[in-house]
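S.K.: When you get a sec, could you give me coordinates for this:
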Amino acid sequence: MLVPAPPEGALDECLSRQWVSTGYLAPELAGVLQEVAGGAGATLELRPDRQATVSMDATTPAVVTATDANSVVTTTTLQYRGKGTGTWSATAGVINVAGIDTGSFTVRVTIESTDGGPLADSEVPATDLRVAGYASLLGTGRYTCSPVEMTLSHVTPGVGAQSGFAFSPV
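M.R.: Model (predicted):
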């Protein structure tokens, strides 16, 4: 776990509502120009009784088109699926969504080169460490919250960058 979980009973009332994702947030990379689209439609309900419901099934594919300093373009597409219920706790910008059966959660990762040729295409469980660099709504992460928006991000292992989702209240 890269971010220590908040105490089990911790509750930030700002988060306590139903949220829908408005987009995917990719970490900035030095020397790389990125365009990010998609990632809308995931739902996250955080109830005052600390019950959490997560559904990634309606999430639009998140597409990150990256151009490096040599003008090499790669496009990474992330298709999230899965839903479940569990609990949540949050305080001081750290949230933990726990107790959800992760068995139904997957991320299909497709990476294409400049010419559209596939470099990678695989569907893996959301808990697979190979996809740890791509955000999930499960586990411990960082958040910001206001009455009109919320961000939820996870720290990329070994890099420290954060990727995640932006939300608006339903």
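
S.K.: Which residue is the nearest non-sequential neighbour of Ala58?
M.R.: Computed as CB to CB, 6 or more residues apart in numbering, the closest residue to Ala58 that is not its neighbour in sequence is Gly41, at 4.1 Å. Just so you know, the C-beta spots here come from the backbone N, C-alpha and C atoms, and that holds for glycine as well.

S.K.: can you pull the contacts of Gly103?
M.R.: Pro125 (CB atoms under 8 Å, 6 or more residues apart in numbering).

S.K.: again with Glu123
M.R.: Glu123 touches Thr106, Val107, Arg108, Val109, counting by CB under 8 Å, 6+ apart.

S.K.: Buried only: go through those for me.
M.R.: For the contacts of Glu123, a burial check counting by 16 or more other CB atoms under 10 Å picks out Thr106, Val107, Val109.

S.K.: Show me what the helix or strand encompassing the second one packs onto, helices and strands only.
M.R.: Read it as Val107. Following DSSP states H and E, one finds Val107 within strand 106-112. Contact analysis of strand 106-112 by 3 or more CB pairs under 8 Å, 6 or more residues apart in numbering; DSSP states H and E lists strand 73-81, strand 118-125 as its packing neighbours.

S.K.: gap between the first one and the chain center?
M.R.: It stands for strand 73-81. 13 Å (CA atoms, centre = their mean, to the nearest Å).

S.K.: The shortest one too?
M.R.: Between the centre of strand 118-125 and the centre of its host chain there is 17 Å, according to CA atoms, centre = their mean.

S.K.: Work out the sheet partners of that strand and label each with its direction, please.
M.R.: With DSSP bridges as the test, strand 118-125 is paired with strand 106-112 (antiparallel).

S.K.: Show me what counts as buried in stretch 89-105.
M.R.: Taking 16+ other CB under 10 Å as the criterion, stretch 89-105 shows Ser89, Ala90, Val94, Ile95, Asn96, Val97, Ala98, Ile100, Thr102, Phe105 as buried.

S.K.: which ones among those are found in helices?
M.R.: Secondary structure from DSSP state H places none of the buried residues of stretch 89-105 in helices.

S.K.: Hmm, which of the residues you listed is lowest in pLDDT?
M.R.: The member of the buried residues of stretch 89-105 with the lowest pLDDT is Thr102, at 84.
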